[in-house]
Structure formats: structure tokens, C-alpha cells
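1. here is the input, now give the coordinates:
(chains A and B)
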Amino acid sequence: MSTIIDIILSILLGGILLLVVLSANDITAETTYMLNGDLFVQQMLVSVVQIVEGEIRNMGYGIPDSLGATVVVAQDSAIAFLEDLGLDGVIDTVRYYVGPVSDLPSTQNDSDRFLYRQINGSPRSAIGVVTRFQLRYFSQGQADTLIPPIPSEDLVSIKIVEITLEVQNPYALYRHQSQVEPGERNALYSSSMWRQTRLASQNLRR
Amino acid sequence: MGGKAAVILVIGFGIVLGRIAFNMNDLETKAVDNVSYYLENTIAHNLALAGTNAALSMVYQDSTIRGTVTNPPQFTSGPFTGGQYTSTMTDVGGGLLRLRTVSSFKSLNDTVDVTFTAPGVLPFSIYAWFTNVEGDIWWITKDTVWGRVHSNDTINVNGSPVYWKKVTTAKKFNPKPGYGTNHAIFKDGYETGVHPITIPTDFTYLINASTSGGRRYTSEIWITLSAGTAANNDGQVYVRNTETGPIVDSVSLSDPLFNGAILGNQRVHVKGTLDGKLSIASLQDIYVEDNILYEKNPLYYPSDDMLGLIGQTNVVVTDNWNNNHDCEIDAAVFAASGSFGAEHYSTRPVSGQLRLIGSITQNIRGAVGTFSGSTILHGFSKRYRYDTRYDNPSVRPPFFPGTAPGTLQIAGWWESFRLPRF
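-> Model prediction:
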């Protein structure tokens, strides 16, 4: 009799332990997924930011005053500027712009797109995947906000650029339909945003 | 037996769950580490920038510094705690100097390079408008300057003047740009607190030029410029001792032995049309008696005509009949210790427009008329246009004064940046 009771109790305890393990496994898997997603998003954001921020800080380097405006294209989501990239006396045109969402049809995220970098006329290269790349332009002291499209004669007034970057995980965490508010996407994407509000190249102010 | 199994079970669960916890912790740490890495990068970069700015202020005080400019001890408080920087100034050849600041913060280093053009003489004609003292005169709406502006004084702004090129002041703007009445539009930016630029009052080099290849006159003279024929650079200069007296000297601007400098010890009166390159200087005042024009107006035609009007004291638009019906001056004007202004500006009749194509350098900002609101009461309304040929520092009228050596100009600013860790 006591053996039967032992077996029943063992099965009961074993079952509880199994349930705990399975539950822990679920939670662990979900948490790991989210943490991995966050890490991925942050690494991608920092990578993109390091390139964009570093290069835009140096825009206008090696460009003589006589050439006029250093920023040659100033749009909401695209910028092109002159810089001696190779420190070799040769003036390069550097262009950053976002591609269409159709460039990334295979990801679950319907808002992500490549951020492209192009030097002179060479083939473009994707330096990251972003969901938002927004630019604003200011004259010195932010006295004026220059609204794109900026006339070519006013490009020389650009002294400060504000850059907003957002990166989202290409893979989603789906929510139950009942949790989705009107106008929201039914998927959740871990997201990270970076904004440089006063990115001023000293070369534009010399 | 059952007790041993339970212990093994517990230990096994402990190991598995511990491993899971470790992995999750590691992920969290990595996520924080990633942001922390960016922060440390930013601090290292800001430290290099701070060092650069500190070194720049020292270099502007003493532009002869070479080698280590500043190397303060490691920071022991504040956001840069544990950080350090070193700034060095090096002559890199090609007429360039380089200020390099290297910062170190934790295991990270960052570099900022500022390149300067070596000290040299820049002509004052690179400025459309240069003043040592602005006085209580205000820049207002409809004032437009097409070239560089510099003042060693506070620049007063009331309204929306437009500056197409960079504006620099050794002091400040009153009020600050974008505040109060200052709605100025700076198309090419501005800089306050720059090193003052001294206007030279020593005319020895001009005296030497006038006596070795130029012309020097000891008495008061009246100069009439003549454009000559339609050919280029065949202008003539006629010199009189009185306004209507006989010509006592003439100079051909095409004469290869003439170096382009004419200087009078006393007042020099000028009018006419120039074809060639010439500087007219006075150890007292220059008086503009009538229009002074170029044969070819540089605003509309390719022109190599250039005139410098250089007064050791003032350059004055004479109060006479000719000038009281508009006056045009095509010249780079320089008034070393006085002003460029109109004679009897507060009592002369309404004189129409004073048009100037060139540049103006003056010690004290002069007046050309008086106004009540937008109505001219006496004197001129101004129409000054910068002669953009002078944007190029190597282009100037003969012997036109330049800034004293020692004024460094930033030619480039480069900041290192880190490539991503993939």
C-alpha cells in the first residue's frame, strides 16, 4: 500500500516539476527572444549611428569656401554633402538616403528599409536597416528652420542638421487581436530610437 | 536511495536553471554594454572636442605656439573622470598648421584635427564691411551685405538685415541672433568673440611704394581719372594742385614702370573713370568729388579695373553739386583712423543714392545721411554692393592694406569616428 502511495506521490510531484520546467522554458524562451531582439536592434542602431554621425560631423572637410554650399541636397529623408573623404585633396560627394520598403520584402516588419550610402557615382551600399531616417535643417543658432525643399541659394545657410533614426526588429511579437488598438499594427516590434538634435559640422561654420 | 535521487534532481535543476539565468543575464548585460560603449565613445569624443576648444583659445591668444599646447592632468571629477587629452600644434607644410587633440577615456582614444592656414596677410578688401567701432548705429531691415562682415565692436541689429557671407565680431550681437529685435538672416553663419583684427595705421609701406615706382605729392591734390580709349588698361591719371587749375602731372596706368600707388601728404580729391589698377592714398583724407567709376562695371562685365581709396584718416563724399544728385563710387575704401561718410551728412540737402561697388573698411562707422523713419532728411540713402572679385584674397588693388600677420584662419576641422563593432 505504502509503495502505491509513494508512486502516486512521485507521479504527482514529477508532474508538478514537469509543469514548472515547461512553464519556465516558455518564459525563458520568450524573454530570451525579447532580449535578443533588443540587443539586435540596439547593435544595429549604434552601428548605423556611428557611421552617419561620424561622417556628417566631418562634412565640408577639405572643401574651399569658394565652392559655396557644402550641403548639396537637403531633403526630409536624404542628404548629400561634399567632403574630402580620403584626406587626399579629392572632393567627394557623400549621399545618404533611405530606400523603399519594397527593398526588404522578406522581413515581417512592413516599415523597415535600407539606409543607403553612396559615394560619388559609385554603387550604393546599404549600411543598415532602419524604419525611420528623418532630417531637419537649421541655420546657425537655429534661428531659422529651413523647410525642404530648400532652394539651392539657401543651402549655404544650413549649419545644423537634426537627425532622427529608428531601428525596429525585423521579426515581430504578435498580439492577440483583442489587444490591438485601432490604427495599431497587430504585431509588436522591439524598437530603438536615436536623435542628434544639434549635429553641426565645424567646417560649415569656419 | 530516494534521498540521493532527490538531491541529484535538485542539483540538476539548479544547474539547468542557473545556466539559463546566466544566459539571460549575459544578454541583458550585452544590451547595456552596447549602449554603454556608445556612451563611452561619446565621452571620449567630447573630451577631444573640449581639449580642442581649450587649445584653440590658447592658440588664438598666441599664434606662435608650436608643440604641446595643453596637456592637463587626468580629470578626477565630473563627466570626464579618468579621462585625459593632449593638444599639439604642428607645422605640416604647404602653408598649413595642424592642431591635433588626442583624448583617452578608459580604453578609448579619439582625435580631432583642426587645420589652419599659416599666419599671413589678408587684404581688408576681402571684407565687404569692416569696422573697428560700430558706435550706436544699427543694422536694420532692407540692409543687405553681399560679402564678409567683421567688426571689432558689438553689432547692433534691429530688424531683418540679410548677410550673404559670414559675419564675425570680436564682441557680440546686440541682441543675440534670434532674440529681441535681432531677426537678422545669416546666409553663411556668424561667429562671435573672434580675435580682434587691428586696422593698420602705419602707412610707411605705402609711402615707400609711392616713392619707388609710384607717385608722391606733398601738397593737396585733385586727381581726375580718365578711361582713355576703349582699349583695356590704358587709363590716365591727371593731377592738379587746385580743382580747376592746370594739370601738373599725369600718369599712364599702362606704364610698366608705374607700380599703381599714388599718395598725397595732404588731402587728395578724386573723381573720374578708371581703366586699370590703382590705389590712391592720403596721409590725411580722401575726398570724393564726383562719381568714381570703372570703365567696365564688374557687376555686369568681366572687369580687371580695381581702385583702392586709402585715407589715413577719412574717406569723405564731398558736399557739392555733383554729389548732391546721386553718387557712385567703384572702389575698395579704407579709412584707417576715421570713417567713410558724407561731408555735412546732417545738414547737406537730400542727395539721392550713394552707390558703392567695392568694399568698406573704416575705424569708426560713418554716417551718410539722417532719416526719420524711412524718410531721408539729409544726405544719401545707401546702395552698397560688394565687389565679389575681392573674395579671392590674392585679388586686391595695388598695395591695399592687409591684416597684420598672426590671424589664424581655420581651413578644416576633422573628427575621428569609430567604425561599428560587428
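
2. which residues of the stretch 1-150 of chain B lie near chain A?
-> By CB under 8 Å from any CB of the partner chain, the residues of the stretch 1-150 of chain B that approach chain A are B:9, B:13, B:17, B:20, B:23-24, B:27-28, B:30-31, B:34-35, B:37-38, B:41, B:114. For every residue, glycine as well, the C-beta is placed using N, CA and C.

3. min pLDDT across these, which one?
-> Among these, B:Ala31 carries the lowest pLDDT, at 72.

4. how many neighbouring residues does that one have?
-> Using other CB atoms under 10 Å in any protein chain shown, B:Ala31 has 20 other residues around it.

5. am I right that it is in contact with A:Val41?
-> No - here B:Ala31 lies out of contact with A:Val41, judged by CB atoms under 8 Å, at a distance of 9.1 Å.

6. show me where chain B has helices.
-> Assigned by DSSP state H, the helices in chain B fall at B:2-61, B:204-211.

7. looking at the ones you listed, which is buried most?
-> Greatest average neighbour count among the helices of chain B goes to helix B:204-211 (a mean of 17), per mean count of other CB atoms under 10 Å in any protein chain shown.

8. what residues does it touch?
-> The set of residues external to helix B:204-211 that reach it, using CB atoms under 8 Å, 6 or more residues apart in numbering or on different chains, is B:Arg216, B:Asn259, B:Ala261, B:Ile262, B:Leu263, B:Ser279, B:Ala281, B:Leu283, B:Ile310, B:Pro398, B:Phe399, B:Pro401.

9. reformat these as CSV; add neighbour count, pLDDT and distance to B:Thr347.
-> Output for these, formatted as CSV (neighbours: other CB atoms under 10 Å in any protein chain shown; pLDDT from 0 to 100; distance: CB to CB, whole Å):
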residue, neighbour count, pLDDT, distance to B:Thr347
B:Arg216, 18, 96, 35
B:Asn259, 17, 95, 40
B:Ala261, 26, 96, 35
B:Ile262, 29, 97, 31
B:Leu263, 26, 96, 31
B:Ser279, 27, 97, 31
B:Ala281, 27, 97, 29
B:Leu283, 20, 96, 27
B:Ile310, 29, 97, 27
B:Pro398, 20, 95, 36
B:Phe399, 23, 94, 35
B:Pro401, 26, 94, 31
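
10. list the contacts for the residue in the stretch 251-400 of chain B that chain A sits nearest to?
-> Using CB to the nearest CB, B:Asp391 is the residue of the stretch 251-400 of chain B that sits closest to chain A, at 7.1 Å. For B:Asp391, the contacting residues are A:Ser66, B:Ile126, B:Gly147, B:Arg148, by CB under 8 Å, 6+ apart.

11. do you know how far the closest residue to chain A within chain B is from B:Leu307?
-> Nearest residue of chain B to chain A (CB to the nearest CB) works out as B:Phe417 at 2.4 Å. Distance check for B:Phe417 against B:Leu307: by CB to CB, to the nearest Å, it reads 49 Å.

12. looking at these two, which has the bigger crowd around it?
-> Taking other CB under 10 Å, B:Phe417 and B:Leu307 do not tie; B:Leu307 has more neighbours (27 against 18).

13. show me what contacts the nearest residue to that one once chain neighbours are set aside?
-> Counting by CB to CB, 6 or more residues apart in numbering or on different chains, B:Ala331 is the residue found nearest to B:Leu307 once chain neighbours are left out, at 4.1 Å. Shown in contact with B:Ala331 (CB under 8 Å, 6+ apart): B:Ile292, B:Leu307, B:Gly308, B:Leu309, B:Leu356, B:Ile357, B:Gly358, B:Pro397.

14. try B:Lys166
-> B:Arg148, B:Val149, B:Phe186, B:Asp188, B:Gly189, B:Tyr190, B:Glu191.

15. export those residues to JSON lines and tack on neighbour count and pLDDT?
-> Shown next, in JSON lines, are the contacts of B:Lys166 (neighbours: other CB atoms under 10 Å in any protein chain shown; pLDDT from 0 to 100):
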{"residue": "B:Arg148", "neighbour count": "22", "pLDDT": "92"}
{"residue": "B:Val149", "neighbour count": "24", "pLDDT": "94"}
{"residue": "B:Phe186", "neighbour count": "25", "pLDDT": "87"}
{"residue": "B:Asp188", "neighbour count": "20", "pLDDT": "83"}
{"residue": "B:Gly189", "neighbour count": "23", "pLDDT": "84"}
{"residue": "B:Tyr190", "neighbour count": "22", "pLDDT": "88"}
{"residue": "B:Glu191", "neighbour count": "16", "pLDDT": "85"}
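
16. out of the residues you listed, name the ones that lie in strands.
-> Of the positions in these, B:Arg148, B:Val149, B:Phe186, B:Tyr190, B:Glu191 sit in strands, assigned by DSSP state E.

17. out of these, which is nearest to A:Tyr189?
-> Minimum distance to A:Tyr189 across those is 42.2 Å, recorded for B:Phe186 (CB to CB).

18. and the gap between the closest one and B:Gly366?
-> According to CB to CB, B:Phe186 and B:Gly366 sit 24 Å apart.

19. contacts for stretch B:256-265?
-> Residues outside stretch B:256-265 that contact it (CB under 8 Å, 6+ apart): B:203, B:206-207, B:209-210, B:212-221, B:223, B:237, B:239, B:251-253, B:268, B:276-284, B:397-399.

20. contacts only, for the closest residue in space to B:Asp285 that isn't next to it in sequence.
-> Distance criterion CB to CB, 6+ apart; nearest residue to B:Asp285, sequence neighbours excluded, is B:Asn314 at 4.5 Å. Contact analysis of B:Asn314 by CB under 8 Å, 6+ apart lists B:Asp285, B:Ile286, B:Ala335, B:Gly338, B:Ser339, B:Phe340, B:Gly341, B:Gly366.

21. out of these, which is nearest to B:Thr101?
-> Nearest to B:Thr101 among these, counting by CB to CB, is B:Ala335 at 40.6 Å.

22. quick one, strands of chain A?
-> Using DSSP E, the strands of chain A run over A:71-75, A:78-83, A:92-98, A:113-119, A:125-130, A:132-138, A:145-146, A:160-168, A:173-174, A:187-188, A:191-199.

23. between those strands, which has the poorest mean confidence score?
-> In terms of mean pLDDT, the lowest-scoring of those is strand A:173-174 (a mean of 73).

24. next one: that one to chain centre, how far?
-> 20 Å (CA atoms, centre = their mean, to the nearest Å).

25. the spatially most central residue of chain A pairs with what?
-> Residue closest to the average C-alpha location in chain A (CA atoms, centre = their mean): A:Val167, at 3.3 Å. Assessed by DSSP bridges, A:Val167 has beta-bridge partners A:Ser192.

26. hmm, it is touching A:Val48, no?
-> Yes - under the criterion of CB under 8 Å, A:Val167 makes contact with A:Val48 at 6.9 Å.

27. identify the contacts common to the two.
-> With CB under 8 Å, 6+ apart, A:Val167 and A:Val48 have common neighbours A:Gly128, A:Val130.

28. ok, B:Ile247 - how many residues close by?
-> By the criterion of other CB under 10 Å, B:Ile247 has 13 neighbours.

29. for it, give me its contacts.
-> Residues near B:Ile247 by CB under 8 Å, 6+ apart: B:Tyr238, B:Val239, B:Arg240.

30. isn't A:Asp92 right up against A:Ala80?
-> No - contact criterion CB under 8 Å: A:Asp92 and A:Ala80 do not qualify, at 10.5 Å.
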